[in-house]
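> what would the 3D arrangement of this be:
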Amino acid sequence: MGRSRGGFTTKIHLSADGRCRPLSLVITPGQRADCTQLKPVLEEIRVPRLGTGRPRKKPDSVAADKAYSNGSCRDYLRRRGIQHTIPEKTDSQAARLRKGSRGGRPPSFDEERYRKRNTVERTINRLKSFRAVATRYDKRGYVYLGTVTAAALTIWLRT
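Have a look, this model is predicted:
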């Protein structure tokens, strides 16, 4: 548990597929920044193949909100060859424009792909429909991670 504006809280960082099913989960204290958890969330993705072969670890594309709009997140996604759609923060946009031609080009932004980002929000809402996940009565982080994982498994079994 970590301190945030509302008191002691915990954040659930996750990735979801197109059918609002969680692919990977990471639990952090409430004060931890979102952008620091992009790499751990993406590295936990394991999608088994139909038949033989290693599980798939790289998503086709990533759509994230402005919390993930920094250079290190974009560089990580570029290095792994993952297409990404992340809106640019207004303060970084103003800084880029202030630099003029030295500021570089704005990052590409695909509005059609960004509209599909709500699948993550809907996945979080599905997880929060479980009372134990929404209220977080568990004192220990690993117990809460087990509770969230059990809720995620239930979502997978229902679909």
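> what sits up against the host helix or strand of Glu121?
Per DSSP states H and E, Glu121 falls inside helix 118-128. By C-beta atoms under 8 Å, 6 or more residues apart in numbering, the surrounding residues in contact with helix 118-128 are 12, 14-22, 63, 133-134, 148, 151-152, 155. Just so you know, the C-beta spots here come from the backbone N, C-alpha and C atoms, and that holds for glycine as well.
> same question for stretch 89-107.
Here stretch 89-107 makes contact (C-beta under 8 Å, 6+ apart) with Lys66, Ser69, Asn70, Arg74, Ile86, Glu88.
> let's go with 10 Å and repeat that
Lys66, Ala67, Ser69, Asn70, Gly71, Arg74, His84, Thr85, Ile86, Pro87, Glu88 (C-beta atoms under 10 Å, 6 or more residues apart in numbering).
> any of the contacts of helix 118-128 buried? List them.
Buried by 16 or more other C-beta atoms under 10 Å: Ile12, Leu14, Ser15, Ala16, Cys20, Pro22, Ala63, Val133, Val148, Ala151, Ala152, Ile155, out of the contacts of helix 118-128.
> out of those residues, which are inside strands?
Ile12, Leu14, Ser15, Ala16, Pro22, Ala63 (DSSP state E).
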